[in-house]
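Student: Pasting the sequence and the predicted model now:
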Amino acid sequence: GAGVSQSPSNKVTEKGKDVELRCDPISGHTALYWYRQSLGQGLEFLIYFQGNSAPDKSGLPSDRFSAERTGGSVSTLTIQRTQQEDSAVYLCASSHDGTYSYEQYFGPGTRLTVT
Amino acid sequence: ILNVEQSPQSLHVQEGDSTNFTCSFPSSNFYALHWYRWETAKSPEALFVMTLNGDEKKKGRISATLNTKEGYSYLYIKGSQPEDSATYLCASPTGSYQLTFGKGTKLSVIP
């Protein structure tokens, strides 16, 4: 079956512009996660959606970051007024549910470069 | 241990050599330990999800062990091949509801 897809694969934007990153999870997966990896750093958790529950936004680094998940499927991560420190690979993952017993399936990522 | 830590940061081995690396994680309130392989230009791919102390899992030439009491897991690769070259990530919940990932061990297998 289809895996997790993300778009765009690469995004170059000017400082101060807004960007939207999209994630299509595996069909039937109720849990969806956003991570980012900055240069030289590990994977950093950003936000987590589980079914119809309120999202866990505890990892969002600032109020410039927000995310939505519509209809329990597609998710969009929005970064407003981008800064150079936002440059990173943004990864989306989904899993069967939000318990730790299930592995996460990752998309190919979006490489964001803020100039 | 307050965070998920991996060692070594990078590793170069000759083709055919066996190797192993370590993941350390908080042993209190343990739920699960995940291992992922992340090849360049690809998505991270799950290798193992381990939940029981003493658990040992195997997939081909790769295996992993888990010690939840002391908070460590080892990943072993037997007879390394060039296609094993990747960054190996481990992850475990640490004080929140989400997985915390280590920075990974970058393995390079020299033909």
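Tutor: Ah, there it is.
Student: Now the strand or helix carrying B:S63: buried residues?
Tutor: Using DSSP states H and E, B:S63 falls within strand B:62-67. By 16 or more other C-beta atoms under 10 Å in any protein chain shown, the buried positions in strand B:62-67 come out as B:I62, B:S63, B:A64, B:T65, B:L66. Backbone N, C-alpha and C define where each C-beta goes, glycine included.
Student: isn't B:G71 right next to B:C23, touching?
Tutor: No. Assessed by C-beta atoms under 8 Å, B:G71 is found out of contact with B:C23, at 9.1 Å.
Student: one step back: can you tell me the strand partners of the strand holding B:S63 and which way each runs?
Tutor: The strands that strand B:62-67 pairs with in its sheet are strand B:56-59 (antiparallel), strand B:72-77 (antiparallel) (by DSSP bridges).
Student: Please identify the deepest-packed of those.
Tutor: Comparing the strands paired with strand B:62-67 by mean neighbour count (mean count of other C-beta atoms under 10 Å in any protein chain shown), strand B:72-77 comes out on top with a mean of 19.
Student: same for the helix or strand harbouring A:E20, what does it pack against?
Tutor: Taking DSSP H and E as the definition, A:E20 sits inside strand A:19-24. Secondary-structure packing of strand A:19-24 (3 or more C-beta pairs under 8 Å, 6 or more residues apart in numbering or on different chains; DSSP states H and E): strand A:5-7, strand A:10-13, strand A:75-79, strand A:88-95, strand A:110-114.
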